[in-house]
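Engineer: coords please:
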Amino acid sequence: RPKIGFGVPIGNYLKTFLNDWANDLIFSKTLQTDSVLNHNIIKKIWQNHIDNKNDHSFLLWNILNYISWKIKIYE
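Structural biologist: Numbering: from 1, shown residues only. This is a model prediction of the structure:
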């Protein structure tokens, strides 16, 4: 049988043990002053994800990595 991939439950991770890390990035000064991303929309997306209204895990993972990268580069 050929190899098959497996999914990582990133949505669940963002709600549990990555929650503090994600919160720090979403409410960071870097995101608030970013000229590419709208921090108000991202905060709403984050809240919807945390409240189990929608699963935005893929989008949030990309945003969080972008913010993390930007913090490491510019701060």
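Engineer: Can you give me the distance of the spatially most central residue of the chain to Gln32?
Structural biologist: Centroid-nearest residue in the chain: Leu60, 3.2 Å away (criterion: C-alpha atoms, centre = their mean). According to C-beta to C-beta, to the nearest Å, Leu60 and Gln32 sit 17 Å apart. Placement of C-beta: from N, CA and C, glycine included.
Engineer: And Lys53, by the same measure?
Structural biologist: Distance, Lys53 to Gln32, using C-beta to C-beta: 23 Å.
Engineer: And those two? Which one has more around it.
Structural biologist: In this view Lys53 and Gln32 are compared by other C-beta atoms under 10 Å, and Gln32 has more residues nearby, 13 against 10.
Engineer: For the residue nearest to the more buried one when sequence neighbours are not counted, give me its contacts.
Structural biologist: Residue nearest to Gln32 in three dimensions, not counting chain neighbours: His39, with 5.0 Å by C-beta to C-beta, 6 or more residues apart in numbering. Contact analysis of His39 by C-beta atoms under 8 Å, 6 or more residues apart in numbering lists Ile26, Leu31, Gln32.
Engineer: lowest-confidence helix or strand of the protein?
Structural biologist: helix 29-32 (a mean of 90; mean pLDDT, DSSP states H and E).
Engineer: which helices and strands sit right next to that helix?
Structural biologist: When contacts are defined as 3 or more C-beta pairs under 8 Å, 6 or more residues apart in numbering; DSSP states H and E, helix 29-32 sits against helix 39-50, helix 57-74.
Engineer: Can you list the neighbours in contact with the last one?
Structural biologist: The list of residues contacting helix 57-74 from outside it, by C-beta under 8 Å, 6+ apart, reads 10-11, 14, 21-22, 25-26, 28, 30-31, 34, 37, 42, 45-46, 49.
Engineer: Now that helix: buried residues?
Structural biologist: The neighbour-count criterion (16 or more other C-beta atoms under 10 Å) identifies Ser57, Leu60, Trp61, Ile63, Leu64, Tyr66, Ile67, Ser68, Lys70 as the buried residues of helix 57-74.
Engineer: can you list those in a markdown table and add distance to Arg1 and pLDDT?
Structural biologist: A markdown table is the format used below for those (distance: C-beta to C-beta, whole Å; pLDDT from 0 to 100):
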| residue | distance to Arg1 | pLDDT |
| --- | --- | --- |
| Ser57 | 28 | 95 |
| Leu60 | 33 | 97 |
| Trp61 | 29 | 96 |
| Ile63 | 36 | 96 |
| Leu64 | 35 | 96 |
| Tyr66 | 37 | 95 |
| Ile67 | 39 | 94 |
| Ser68 | 37 | 94 |
| Lys70 | 42 | 90 |
